[in-house]
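Chemist: Generate a structure from the sequence data that follows.
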Amino acid sequence: MDILTKYHLWHHIYNVIESTADGLSSPKEPDYIASLVTKLPNDLTQILRRHIPNMQFKVGGCFIHQKPIVRFTSPQYAHLRRPELGDLLIVYKETKNNEDRYNALLLQAKKSNDVYYTPIHHNDQHQYILYTKWPKFEYHRAGRLNGISRSISPKSITPGAQYLLIDEHHNANHWHYPITFWCAKADNPLEASNSLATAILQLIDFQTGRTFVAKGLNIDQWSRMIWDLLDISVQSVFNRRRNGFYNHPRSSGDIISFLTTPNNEDNLGGVEGQGISIICIEGICREEINDNIPM
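Modeler: From the prediction side, this is the model:
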């Protein structure tokens, strides 16, 4: 993409992201997340298709009320409270040259009065330790994943796990636009680095987030965790499907394709179940689509 295309993309994505906060009354973090994942996908699909015509895009989202939490099993951190894995997972799947590439951005939402200086308080240390040290943990409130252990490496900060700072007051900044949603790396104090609109653009360009790989026997622990979250979230979404298919196993397609294929708005509403709120973006090179059309 040239710089002008990126600017127009950013501007349109910024506008639809900001519009998701319109009309919210005394919102808390979950209200912002619910509005993002239910309102953004349709508009984002059209924006990406219009500005990147060589790709076919689909975007889906689901707000899940009960977020998974984990319990630290490393002795050094076992005394800490049990943190959430995050409030929002944004995933991108790209199909090009007959290969699939995956990228993920895990976000913990936090309202802030100053997005350029947000200290991590003592009662939030458990979340900060998770995103900066990645101690060994086991799933605690995560449905069928409960008791399963994961140990993410490296044991340091990653662009794949960041904070989503929410500026309700649009404090003065060096941008010419009032921005509600900012991304910040895990640091203390937190400091906004990119708008969420920029982060989404960088995610599909593989310039931020952390890549993960397709399911397999020997995949890394980060990839396992991302698929864990997708698996349990998709199960909650699928169980919500109507027409008599509750608790029915999926018969075709992978998890990301499932979430980006609308079905009676089922993957756009709120779900009572285990999982994490998700925005899934799928981009397929149009040459790949044409190659698969029977002659």
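Chemist: Break down the stretch 101-250 of the chain into its helices, ranges please.
Modeler: Using DSSP state H, counting those that start in this stretch, the helices found in the stretch 101-250 of the chain span residues 125-133, 196-204, 221-240.
Chemist: and among these, the most buried is which?
Modeler: With neighbours taken as mean count of other CB atoms under 10 Å, the helices of the stretch 101-250 of the chain reach their highest mean count in helix 196-204, at a mean of 22. Every C-beta, even on glycine, is put in place using the N, C-alpha and C of the backbone.
Chemist: Just the mean pLDDT for that one, thanks.
Modeler: Helix 196-204 comes out with an average pLDDT of 97.
Chemist: nearest to Pro53, of the helices of the stretch 101-250 of the chain?
Modeler: helix 196-204 (14.6 Å; CB to CB).
Chemist: Next, the residues that contact that closest one from outside, please.
Modeler: The contact list for helix 196-204 (CB atoms under 8 Å, 6 or more residues apart in numbering) reads 6, 9-10, 13-14, 17, 44, 48, 90, 92, 94, 103, 105, 162, 164, 181-183, 194, 208-209, 281, 283.
Chemist: again, only using 6 Å
Modeler: Residues outside helix 196-204 that contact it (CB atoms under 6 Å, 6 or more residues apart in numbering): 9-10, 13-14, 17, 92, 103, 105, 181, 183, 208-209.
Chemist: And these, which two are furthest apart?
Modeler: Every pair of the contacts of helix 196-204 checked by CB to CB; the farthest is Tyr14 and Asn103, at 20.3 Å.
Chemist: Check Arg286 and give its pLDDT.
Modeler: Per the predicted model, pLDDT is 81 at Arg286.
Chemist: quick one: contacts for it?
Modeler: Counting by CB under 6 Å, 6+ apart, Arg286 has contacts 54, 56.
Chemist: Between the contacts of helix 196-204, which sits nearest Arg141?
Modeler: Nearest member of the contacts of helix 196-204 to Arg141, counting by CB to CB, is Leu105, at 22.1 Å.
Chemist: ok, and for stretch 207-222, which residues are buried?
Modeler: By 16 or more other CB atoms under 10 Å, the buried positions in stretch 207-222 come out as 208-210, 212-213, 222.
Chemist: End to end on that stretch, go ahead and measure it.
Modeler: Its start and end residues considered, stretch 207-222 measures 18 Å (CA to CA, to the nearest Å).
Chemist: Quick one: mean pLDDT over it.
Modeler: 94.
Chemist: cool, and stretch 162-176?
Modeler: Stretch 162-176 comes out at a mean pLDDT of 75.
Chemist: now swap in stretch 42-50 and tell me
Modeler: Mean predicted lDDT for stretch 42-50 stands at 95.
Chemist: Grab the nearest non-local neighbour of Ser223.
Modeler: Nearest residue to Ser223, sequence neighbours excluded (CB to CB, 6 or more residues apart in numbering): Phe212, at 3.9 Å.
Chemist: Any buried residues in the lengthiest strand in the chain, and which?
Modeler: If you go by DSSP state E, the chain has its longest strand at strand 99-112. Neighbour-count burial for strand 99-112, counted by 16+ other CB under 10 Å, picks out 101-112.
Chemist: List the strands paired with it, with their directions.
Modeler: strand 88-96 (antiparallel), strand 161-167 (parallel), strand 210-212 (antiparallel) (DSSP bridges).
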